[in-house]
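Undergrad: Got a sequence here, can you build the structure:
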Amino acid sequence: HEPPRADPTAAKTEHAGGASACCVVSAVAWSPVEPTALASCDDAGRAFVWDARATSPVSRLEASLYDPASARRDSFLCLAWSPTGDDLYVAGKRGTVHRFEVSCRGSST
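TA: Here you go, the predicted structure:
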């Protein structure tokens, strides 16, 4: 028997300038070192670092690699924090792993 899956409905995310668009959130992971920090990624090739107490992201990270066929960034499928919480690894649909240096230390103070 398969466990229940999350509802795959689109989540609204903010673009620079305040315009919003619907994207599917692909993954969410809590920081291993900061209890209020979490990261998410979406199918538009963006990853976000959040403070769980805030309503907007602390950092926005984007894939720099574009798919020439679709003229879009690599869609992100999953993510993982490094054990120290200093790096965020995000895997793209095309098999690419992106490493982002992040700093969320002190976000829970």
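
Undergrad: measure Ala63 to Gly95 for me?
TA: Ala63 is 13 Å from Gly95, where distance means Cβ to Cβ, to the nearest Å. Every residue, glycine included, has its C-beta placed from N, CA and C.

Undergrad: likewise Gly45?
TA: Gly45 is 14 Å from Gly95, where distance means Cβ to Cβ.

Undergrad: And those two? Which one has more around it.
TA: Taking other Cβ atoms under 10 Å, Gly45 and Gly95 do not tie; Gly45 has more neighbours (23 against 8).

Undergrad: Next one: the more buried one, what pLDDT does it get?
TA: Listed pLDDT for Gly45 reads 85.

Undergrad: That one contacts Leu77, doesn't it?
TA: No: the criterion here is Cβ atoms under 8 Å, and Gly45 misses it with Leu77 at 10.5 Å.

Undergrad: which residues are common contacts for the two?
TA: Common contact partners of Gly45 and Leu77 (Cβ atoms under 8 Å, 6 or more residues apart in numbering): Gly92.

Undergrad: Once you drop chain neighbours, what's closest to Arg94?
TA: Residue nearest to Arg94 in three dimensions, not counting chain neighbours: Asp74, with 5.3 Å by Cβ to Cβ, 6 or more residues apart in numbering.

Undergrad: That neighbour and Arg46 touch, don't they?
TA: No: counting by Cβ under 8 Å, Asp74 sits too far from Arg46 to count as a contact (10.4 Å).

Undergrad: tally of neighbours for the closest residue to Arg53 other than its chain neighbours?
TA: Distances taken as Cβ to Cβ, 6+ apart place Thr36 nearest to Arg53, at 5.8 Å, with adjacent residues excluded. Counted with other Cβ under 10 Å, residues neighbouring Thr36 total 15.

Undergrad: And the pLDDT for Thr36?
TA: At Thr36, pLDDT is 93.

Undergrad: and it, backbone torsions?
TA: Backbone torsions of Thr36, given as degrees, to the nearest 10, read phi -110, psi 0.
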